[in-house]
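A.B. asks: Fold the following and give me the result.
(3 chains)
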Amino acid sequence: MPAAPAQKEANLRRYVLKRLFQAIFVLLAVLSLVFIIGRQIGDPARLILGLEAPEADVVALREEMGLNDPIFVQYGRFLVRAVQGDFGTSYWQGVPTIELVLERIPATLFLSALAFGSAVPLAILIGVLAAVRPGSFMDRLTTVLSLAGVCIVDFWLALMLIIFVSVRLGWLPTSGFVGVGLAGLPFAILPVATLILGPVGRVAQLTRIAMIEEINQAYVKTARAKGLSEYLVLGKHALKNALIPTITLSGDVLISLMNGVIIVEFIFAWPGVGQLLMQAIQRRDLPTIETLVFTTTVMVVCVNLVVDMTYAYINPRIRYDSA
Amino acid sequence: MTAPNGESLHGKQNPDPAAPNDELLPQPVGGTAAPLAKVTLGRIMRGFRRDNITLLALIFLFLVVMSALFAEFLAPYSPTQQNLRLRLMPPFTPAVEGGFPHLLGTDALGRDIFSRLIHGARISISLGVASVLLSGTLGVTLGLLGGYYRGRLDDFLSRVVDVQIGFPVLLFALFLLFVTGPGYWNVVVVLALARWPVYARVVRSLTLSYRETPFVEGARAIGCDDRRIILKHLLPNMLSPILVLATLEVSGTILGESGLSFLGLGVTADTPTWGKDVANGREYLRIGWWVIAFPGLTIFLTALSINLAAMWGRTITDPLGRWQWLGVSPVLAKAPPAIAAPSRENVATLTAAPADASTQPRAGNPPVLEVKDLRVEFDTPAGVLYAVNGISYTVEAGQRLVILGESGSGKTVNVETIMGVVPSPPARLSGAIYYRGDNLLTYSPGQRRPLLGSKIAMIFQDPLTALNPAFTVGEQIAEMFRVHQGLSHGQAKKQAIEMMDRMRIPSAARRANDYPHQFSGGMRQRVMIAMALALGPEVLIADEPTTALDVTIQAQIMKLLREVQTETGMALILITHDFGVAVEMADQVLLMYAGKIVERGSIQDIFRQTAHPYTKALLTSIPRADHKGGRLTAIAGAPPRLTHIPFGCPFHPRCPYAIPRCESEVPPLRPVSANHSSACHLFEEVLLDR
Amino acid sequence: MIADRAAASGPNGSEPLLRVENLVKHFPISTGTIIRKRIALKAVDGVSFEIRPGETLGLVGESGCGKSTVARTLLRLVEPTSGRALFQGQDIFAMGRHELRRLRRRVQIIFQDPYASLDPRMTVGEIVSEPWVVHGMGVSAADRLQRAQDMLVRVGLSASDATRFPYEFSGGQRQRIGIARALITNPELVVCDEPISALDVSVQAQIVNLLEDLQDEFGIAYLFIAHDLSVVRHISDRIAVMYLGRIVEIGDEASICDRPTHPYTQALLSAVPVPDPAAARRDERIVLEGEVPNPIYPPSGCRFRTRCWKAEQLCADEVPELIDRHGHGHPSACHFAEQRQVLPIAT
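C.D. replies: Numbering: from 1, shown residues only, chains lettered A, B, ... in the order given. A predicted model of the protein is given here:
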């Protein structure tokens, strides 16, 4: 029964390997999907040259792009290039799409990091306080926040914030971006405020529920019977267990921030990947969209890996060998 | 075999109604189900009056659905009718031709916003419902099949579900809509494709948990085929969570659709949609806030109402939640509760027992622990729960006291009150608990804490749940030394390992770094005991310490407990439901029923001079391993619910000796002999009846 | 009296109702990341026994010994790995779908947890009459309901309870409903899987008595599974003791409890607390050291040898067969079987 340290390590290694294996499977699946859907949308040569281009030019370009090769040859080539980060040239800008995307990433990361970094600690704090004092102001706030969080119309909230905070009160700039860092903070406040309402509500509510559940566990009774102070009983014994589901949800929150980012960047003219996506859609720039889908998948997979590792670290009960 | 009250199944179901013990026996022998309260219109109305937010949400939803159905008749203006003279008019602008005022103003083309909102409901609601029907059907079917049949289909499905749930919905939808182009049905299908995994995951995990339950196993055992099991047993049980989820998803879909419309990839027809209207107002946000504000607010309120309705749905589909919402107790009281608000004469009778007349501690050399007229009550949705109803006892140093009782007898709550860990909801306590003459109930939690764990320690029934899963056992034991004695981490750890060693946990130094789940049940209980004994307490309370263990392991743990008790000379309070355990451990026995002590005495007294009908009935109802007895004497009925304790003697409905007096008068605990007492009006008769 | 009837049932008395031969159930556990290694949890590893019509065989053992798995394989709720189970000469494990359906009218099960074993969305009437519906018995719905009501009355509930839902009943009452459902097709064998261990002490005897009465009336055979030797002795004609997937000793109730020959049976009996101060015998009690080994890696030879005070090299080398070695009158799977009285003589 008792697992020796060496065996524990082997378990952990196996678990990590398994997760990596799954991640590769996911990336491959998404790439294939992108390839299949991309080929359904129409003739890429025609898309590049436009409707007015003479047929001869289109045929020549098709030959040059290898579109006349058998489909599996095209697929193989697509995969090889994708692994190298080469998704072709943007129809719209004429530069490699990967460059376009990489250029936009810092702005988006800045926004997401600010949102995530403020939302999760805030939400955990609110949730814990709500759980410890049922019926208190914090408890009611958590309920309201979590409801508002699911029902909020983010684009509308963003516009209302602009109308009242920027236009009426003139406190903050309506939109724009001056760079990553301190100077960019005033521009980031409204976008971040729009982004975090939903996540704070969800995480706070989950933390509250998890914490209440843990407080009712028998081991909390044991801790009290040991003569520990309430601070130790709740802040040490209950909280460490309550954080386990919260961590899982935090991963989801990071991913769902991507939804918000698209809308928020669009509204606040924030030059990140979300804005790039909308621009690419408007210009029907398929290679850029494909690159964005793929890079997002990579990010999602990485986030999930980090969450799984943290989870395995914090929860000693995790069954590494579970199928 | 003369069982005055045993169940006689050979007799027909309609025994002579004049039979003397007929009225004592609940008819039929198995007892009947408790009568239920009724749902009445008045109760529903009162429920809504209390829960007026839900009522508002339901009314709002009704209005939105009506708008969607009858927009043409309800809207004062055509949604597309432009009026360039009335561009960007604020709310409450009167109409030029004396028609209906523009309640919510007009947009940049002079169209009436209120009318556009009414028409917009049609797209939002119909699209939301259509998409949810599609995704729900797909997700529920796949989740059910995957969860029920497992295998490769399930592996593949859950992998796809995991990936897709992890992927940003909006990006997914935008990518697909980019490929297919916008349009009503495209949006319906794309949103359904984006959301079906939510149902699949929920339904799959519900199916997985249900297919392991005995009732599904039982269905298979009686010969149900898969089709019947899925349709008759699984689906009906999953219906209410699925419906609640689908309702929530309607709101999510409406939000998703509005976002897509806002980004210009939603429904293309020139019918108004709420999302498109917000987008239309973007250019005018400096001069006409209302163009944006009202469509957005409508989306928000609709989503909010749906969520509130779903929460309400969840409450009323839960059997207990429904009664709570209606504000009634689910089970009707058969008899008035015996100890409702301890009336004067009740208290008088209860405390009339000799030597228990006051709640003052015994003078002179006080015992280690003395409990005086302790009462514990809880407020629950089903009414007041009377867990402990006036019990008194003392524990001397070195004594082994066993508290015997069934579940619901109040034996656990009683000792948890001593430890100050009575469960929530906050209990109402009265009486006194003296530790060496000081009343613990007057202590603040801070005053009591230094005693807990160090002077009075407790071990719990299930060591798996009683140990914290997230910390090593070494840490959990060492914590005692650090908190109470201020030892350093290193010293505390050393002491902890020493304690584990004393409790004969093999290779203690290494195992101190393991987590509770890595130990077997018996070893876990040894860890619990090590923790409880770490600081050498004067009183050890053990709450069913071996119930969760196998019988050979139980023997090990009892041996260990006996040894450490003799070694340290501490007092031991052992709680159990097992007469055999009591015999092996006890000097003194307290037998509890419905929150009261019914008999108290030495183990010899209890067995040889049984002075309470309950004790007597229990003793003849338990089979023994040492000889094969004849037919068991069964006690009819079941222990009372603590919210509805029978009036008078709580045991009278099940008692073969009961006389009318037992129904009206609470029997006090009266002495039978020195150190032996019984709470029965008729114990003399019970004693004689051998 | 039960034994009398079993003996008196004429030529059929010697013919077993159920004969289980070498039943094995290994649960596969997969490990490995990319290449899956299959190892097996040996839950049941070669179990053989017989049940005669109308008798009760008690199957006793501690948690994890495989007793519940035996029950589940006999009803084909779990597929066995190998072995045969001949029910009146027909192998249950070889039955096709239709034969299995017919079998399920004749072999039934009562579960441990009365709270989880009844479908919460069905009325008690629907629950009890469901076997009739499934097997197309009875002429009409009204007829089936009537039968269900008769059965409810028979197990000590009232006919009007048929319209109620399970949550309205107490634990003991629910167990009665479970018994009514199991008996409505008039089965010849009922497997009782820990039927009273989830009930209040003062309610347990009701259910034990009910099971005994129903056996007397309908001549059902029981396979009674429990961890509590006291209850098993009370209700059983014969007892089989299981340890780590195998039967270590089997025999009639008196020879197992009063003249046990296997050290594990002796330890198990000795550990049972007897509720009688006169029977206190704390000093000579056998307290086993250590714990049950992991069923994935059971010990070689005799599985009990790691905790046995008699173990020698032979026990590690050779699996002891379940036979009567020294003429004790009943088989025991110990190389060194000898009689020992561990329980006090009852007063």
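
A.B. asks: what are the ranges of the helices in the stretch 151-300 of chain C?
C.D. replies: C:171-183, C:201-218, C:229-235, C:253-258, C:263-271 (DSSP state H, counting those that start in this stretch).

A.B. asks: Quick one: those as JSON lines, columns for distance to chain B too.
C.D. replies: Quick note: C-beta positions are derived from backbone N, CA and C, even for glycine. Below are the helices of the stretch 151-300 of chain C laid out as JSON lines (distance: least, CB to the nearest CB, whole Å):
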{"stretch": "helix C:171-183", "distance to chain B": "5"}
{"stretch": "helix C:201-218", "distance to chain B": "4"}
{"stretch": "helix C:229-235", "distance to chain B": "3"}
{"stretch": "helix C:253-258", "distance to chain B": "6"}
{"stretch": "helix C:263-271", "distance to chain B": "4"}
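
A.B. asks: got the end-to-end distance for stretch A:176-187?
C.D. replies: Taking CA to CA, to the nearest Å as the measure, stretch A:176-187 stretches 7 Å from start to finish.

A.B. asks: That one and chain B in contact?
C.D. replies: No - counting by CB under 8 Å from any CB of the partner chain, chain B is not contacted by stretch A:176-187; separation bottoms out at 15.4 Å.

A.B. asks: residues in contact with that stretch?
C.D. replies: Stretch A:176-187 has contacts (CB atoms under 8 Å, 6 or more residues apart in numbering or on different chains) with A:Pro106, A:Ala107, A:Phe110, A:Leu172, A:Pro173, A:Ser175, A:Phe268, A:Ala269, A:Trp270, A:Pro271.

A.B. asks: Could I get the contacting residues of the last one?
C.D. replies: Yep, that's A:Pro271 we're talking about. Going by CB under 8 Å, 6+ apart, A:Pro271 touches A:Arg104, A:Ala107, A:Phe177, A:Glu265.

A.B. asks: pLDDT wise, what is the third one at?
C.D. replies: A:Phe177 is assigned 75 on the pLDDT scale.

A.B. asks: For A:Pro106, see how far away it is.
C.D. replies: To A:Pro106, A:Phe177 is 10 Å away according to CB to CB, to the nearest Å.

A.B. asks: hmm, which helix or strand of chain A has the shakiest average pLDDT?
C.D. replies: Between all helices and strands in chain A, the lowest mean by mean pLDDT, DSSP states H and E belongs to helix A:44-49, at a mean of 69.

A.B. asks: Run through the strands of chain A in chain order.
C.D. replies: Using DSSP state E, chain A contains no strands.

A.B. asks: Nearest to chain B: which residue in it?
C.D. replies: Closest residue of chain A to chain B, CB to the nearest CB: A:Trp156 (3.0 Å).

A.B. asks: what number of residues lie near B:Asp155?
C.D. replies: If you count neighbours by other CB atoms under 10 Å in any protein chain shown, B:Asp155 ends up with 12.

A.B. asks: which element is it on?
C.D. replies: Assigned by DSSP states H and E, B:Asp155 belongs to helix B:151-166.

A.B. asks: on contacts alone, who are the packing partners of that helix?
C.D. replies: Contact partners of helix B:151-166 among helices and strands, from 3 or more CB pairs under 8 Å, 6 or more residues apart in numbering or on different chains; DSSP states H and E: helix A:5-40, helix A:239-268, helix B:113-149, helix B:184-211.

A.B. asks: which is the next helix or strand following it?
C.D. replies: Note on helix B:151-166: by DSSP H and E, the next helix or strand toward the C-terminus is helix B:169-180.

A.B. asks: What lies in contact with that next one?
C.D. replies: A:37, A:40-41, A:256, A:258-259, A:262-263, A:277, A:281, A:284, A:289, A:292-293, A:296, B:164, B:186-187, B:190-191, B:193-195, B:256, B:259-260, B:263, B:265.

A.B. asks: Please, which helix or strand holds B:Met45?
C.D. replies: Remark: B:Met45 resides in helix B:41-50, with elements defined by DSSP H and E.

A.B. asks: if you look at that helix, does any of it touch chain A?
C.D. replies: No - using CB under 8 Å from any CB, helix B:41-50 stays clear of chain A, coming no nearer than 15.9 Å.

A.B. asks: in the sheet, who's paired with the closest residue to B:Arg670 other than its chain neighbours?
C.D. replies: Nearest non-adjacent residue to B:Arg670, counting by CB to CB, 6 or more residues apart in numbering or on different chains: B:Ser677, 5.9 Å away. B:Ser677 has the following beta-bridge partners by DSSP bridges: B:Arg600, B:Pro671.

A.B. asks: now stretch A:250-258: mean pLDDT?
C.D. replies: Mean pLDDT, computed over stretch A:250-258, is 82.

A.B. asks: who's in contact with the nearest residue to B:Thr317 once chain neighbours are set aside?
C.D. replies: Nearest residue to B:Thr317, sequence neighbours excluded (CB to CB, 6+ apart): B:Ser240, at 3.8 Å. If you count contacts by CB under 8 Å, 6+ apart, B:Ser240 has them with B:Gly313, B:Arg314, B:Thr317, B:Asp318.

A.B. asks: Of the residues you listed, keep whichever come out buried.
C.D. replies: Buried members of these, counted by 16 or more other CB atoms under 10 Å in any protein chain shown: B:Gly313, B:Arg314.

A.B. asks: May I see the contacts of B:Ser240 arranged in a markdown table, with distance to B:Gly223 and secondary structure as well?
C.D. replies: Compiled in a markdown table, the contacts of B:Ser240 are given as follows (distance: CB to CB, whole Å; DSSP: H, G, I helix; E, B strand; the rest coil):
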| residue | distance to B:Gly223 | secondary structure |
| --- | --- | --- |
| B:Gly313 | 35 | helix |
| B:Arg314 | 34 | helix |
| B:Thr317 | 30 | helix |
| B:Asp318 | 31 | coil |
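
A.B. asks: got TSV for the contacts of B:Ser240, with pLDDT and distance to B:Phe73 too?
C.D. replies: Converted to TSV, the contacts of B:Ser240 look like this (pLDDT from 0 to 100; distance: CB to CB, whole Å):
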residue	pLDDT	distance to B:Phe73
B:Gly313	86	29
B:Arg314	83	34
B:Thr317	79	34
B:Asp318	75	39
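
A.B. asks: and which of the contacts of B:Ser240 is nearest B:Pro506?
C.D. replies: Of all these, B:Pro506 sits closest to B:Asp318, with 47.1 Å by CB to CB.

A.B. asks: That closest one and A:Ile152, how far apart?
C.D. replies: With CB to CB as the criterion, B:Asp318 and A:Ile152 are 27 Å apart.

A.B. asks: Wait, B:Val395 touches B:Leu401, no?
C.D. replies: Yes - B:Val395 is within contact range of B:Leu401, at 5.4 Å (criterion: CB atoms under 8 Å).

A.B. asks: where do the contact lists of these two overlap?
C.D. replies: Shared contacts of B:Val395 and B:Leu401 (CB under 8 Å, 6+ apart): B:Ala571, B:Ile573.
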